[in-house]
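[1] this one's structure only:
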Ligand code: ATP
């Protein structure tokens, strides 16, 4: 890598809590969510260039990642250039560690990393506020990837309030080879609710993260957090995916405190009672032929790596 390239690392996320309101007229759903950034990362290198280009590689299957203007990192770089009046270009090299279309916000992490990397490369110096505003224009999950840690997200998930979380939480992620499209999962939830499906909760009038969730995070207590974790999208993500229901049941039987679909899925996040329990759970899940990763959170948002 060239010495003048800027390397930024940004984390994937888990939604520890995800309440989804009724679809509004603009097609979006209001959310009450708690994000936690976890130690599964996207590495983005911004290399000086005259034009705009992109290459993607990684530890995960990257075949579904667009290499043109549909790529969120490319959109981020161009938005920053346009906003700040930059005439230079950039070559973005992305190394993905977050599963594609996995419900962990990998594309959003790439966008956040590209903003930070290009801001440093071009010396635009937008500062946290300026970068946050651009992030919110790129996608609802992008501001969180910029900030990291643990945060409550309202609005479309882009209005962030940091949440205090003590200590560390150990998660075991079960990855799925077959991704899920976020708009499809929301659409399925809408249909289930419309048809009064007994499994799908009615959209709550009062969208709020329960105090018990915030208290468990503040106390750093995984045992308190497990029973209050919730994801309104889970029922839609697992419908027609018996493999996911089986994995959820297996993980809990193998000793997880609880298991939850991350965001719109299909990645499953199991909460473990500490690092040793997580390692044992990871081994057991792997022994059934599943791809299981032990990660921890919270970790910082997009930041420059020397
Ligand atoms: P969401 O943030 O919508 O919950 P996700 O976390 O499930 O999404 P991502 O991997 O972020 O999944 O991306 C979902 C889709 O967005 C991909 O299938 C791909 O078509 C498109 N995409 C655009 N840019 C990227 C990127 N940099 N990395 C991965 N996918 C991208």
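    Okay, I see it. Remember, predicted model here, so these are calculated numbers, not experimental data. Numbering: from 1, shown residues only.
[2] for the stretch 151-300 of the chain, which spans come out with low pLDDT?
    Counting by pLDDT under 70, the ranges of the stretch 151-300 of the chain that qualify are 198-199, 201-205.
[3] Residues of the stretch 101-250 of the chain that sit close to the ligand?
    Counting by C-beta under 6 Å from any ligand atom, the stretch 101-250 of the chain comes close to the ligand at 101, 102, 103, 104, 105, 106, 107, 108, 110, 141, 182. Every C-beta, even on glycine, is put in place using the N, C-alpha and C of the backbone.
[4] how about those residues in a markdown table, adding secondary structure and neighbour count?
    Shown next, in a markdown table, are these (DSSP: H, G, I helix; E, B strand; the rest coil; neighbours: other C-beta atoms under 10 Å):
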| residue | secondary structure | neighbour count |
| --- | --- | --- |
| 101 | coil | 20 |
| 102 | coil | 23 |
| 103 | coil | 29 |
| 104 | coil | 29 |
| 105 | coil | 32 |
| 106 | helix | 31 |
| 107 | helix | 27 |
| 108 | helix | 28 |
| 110 | helix | 32 |
| 141 | coil | 27 |
| 182 | helix | 19 |
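[5] Confirm residue 208 sits in a strand?
    No. Looking at residue 208 with DSSP: H, G, I helix; E, B strand; the rest coil, it is coil, so not inside a strand.
[6] quick one, what contacts it?
    For residue 208, the contact set (C-beta atoms under 8 Å, 6 or more residues apart in numbering) comprises 19, 32.
[7] same thing but 7 Å
    By C-beta atoms under 7 Å, 6 or more residues apart in numbering, the contact list for residue 208 reads residue 32.
[8] Tell me what the nearest residue to residue 104 once chain neighbours are set aside is bridged to.
    Of all residues not flanking residue 104 in the chain, residue 12 sits nearest, at 3.9 Å (C-beta to C-beta, 6 or more residues apart in numbering). Beta-bridge pairing of residue 12 under DSSP bridges involves residue 38.
[9] residues touching residue 12, list them.
    38, 40, 98, 104, 105, 106, 109 are the contacts of residue 12 under C-beta under 7 Å, 6+ apart.
[10] Farthest-apart pair in the residues you listed, please.
    Maximum pairwise distance in those, criterion C-beta to C-beta, is 11.7 Å, between 38 and 106.
[11] Please identify which residue in this structure comes closest to the ligand.
    residue 107 (2.9 Å; C-beta to the nearest ligand atom).
[12] What score does that residue have for pLDDT?
    Listed pLDDT for residue 107 reads 97.
[13] For residue 78, see how far away residue 144 is.
    Computed with C-beta to C-beta, to the nearest Å, the distance linking residue 144 and residue 78 is 21 Å.
[14] And these two? Which one has more around it.
    Between residue 144 and residue 78, counted using other C-beta atoms under 10 Å, residue 144 has the larger neighbour count: 28 against 17.
[15] List the buried residues of the host helix or strand of that one.
    Element membership of residue 144, judged by DSSP states H and E, is helix 142-147. Neighbour counts over helix 142-147 (16 or more other C-beta atoms under 10 Å) mark 142, 143, 144, 145, 146, 147 as buried.
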